[in-house]
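> structure, please.
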Amino acid sequence: MLKTICICIVMTFSFFGKSQTDVAINVTFNSDEEIKKERKVFHEIGIGTSIITQFLKTEENTINQNPYFLTYKLVYKNIALRAGLGGKLDESESFIDGTTDKLTVKKSNLDWRVGVEYRMAIGKKWLGTFGTDYVAKKTFDERISNSGFDEVVISDNQVGSGGGLAIGLQYALTPKLMLGTEAAFYYLNVERTQMTTFKNLPQFDTDPEINNNRVTQSLLPSSIYIIFHF
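Sure, this is the predicted structure:
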């Protein structure tokens, strides 16, 4: 009887001791060699599947997809510093209907974020994340009309920054490979600048029109990340 009680006590302390170890370690299989060394700091690099859709030239979805196609996390126990980067560059040329005037449209955007997250193990392979971020974005839209006589440029640029909350879920496929998704809600202050310029007739240039707005950005978990854990 005494032997049975001792075994139960040892197992209980072992369980609670294990629950306090690094969350990322629990999720990525306890037999990994790095666990034997009791490593506390880990890195995670994530690549969003939106990169694939851009290469395949698929149509844009009406759902707000996560703009950060590349992410990085520095993990210590159940806390992680996080960063994300995304961007897009697009240029097209066409002719204005019924004329020989050439229309060139240039669009680009840059999104980035930095923040911190809390990580909680859900079973052996699942991981929940709860984060707060500082976010910033910049969009550039330029339409160039060339009639041969003059070149007219209509520009519409936006710069914004703010912050918000994010919640995510990750699943460990192997000790080094995970899948993840994330939803977020951000609140941003955005400055929008619009103007028109004439190359040969600068006297017709318009003064920059600047507007400041407060906007919200909701990101649904519509993108899947391939995450490398090391």
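
> what about Glu44, how many neighbours?
21 (other C-beta atoms under 10 Å). Any C-beta I mention is one placed from the backbone N, CA and C, and that applies to glycine too.

> do the same with Thr174
10.

> ok, now the one 5 residues further on?
Counted by other C-beta under 10 Å, the residues lying close to Leu179 total 15.

> correct me, but it touches Tyr171?
Yes - at 5.0 Å, Leu179 counts as touching Tyr171 under the criterion of C-beta atoms under 8 Å.

> who's in contact with Ala184?
Counting by C-beta atoms under 8 Å, 6 or more residues apart in numbering, Ala184 makes contact with 66, 133, 164-167, 217-219.

> from those residues, which single one is nearest Lys124?
Nearest to Lys124 among these: Ile167, at 20.8 Å, using C-beta to C-beta.

> how near is the closest one to Asp90?
Using C-beta to C-beta, to the nearest Å, we find Ile167 at a distance of 31 Å from Asp90.

> quick one: secondary structure of Gln203?
helix (DSSP: H, G, I helix; E, B strand; the rest coil).

> strands of this protein, residue ranges please.
Assigned by DSSP state E, the strands in the chain fall at 41-48, 70-76, 79-95, 102-122, 126-146, 151-172, 177-198, 209-219, 225-229.

> thinking again about what came up before, show me which of the contacts of Ala184 are buried.
By neighbour count, with 16 or more other C-beta atoms under 10 Å, the contacts of Ala184 hold 66, 133, 164, 166, 217, 219 as buried.

> any idea what sits nearest the fourth one, other than its immediate chain neighbours?
Same thing as Ala166. In this structure, Ala166 finds its nearest non-sequential neighbour in Ala184, 3.8 Å apart by C-beta to C-beta, 6 or more residues apart in numbering.

> tell me the bridge partners for that neighbour.
Ala166, Leu219 (DSSP bridges).
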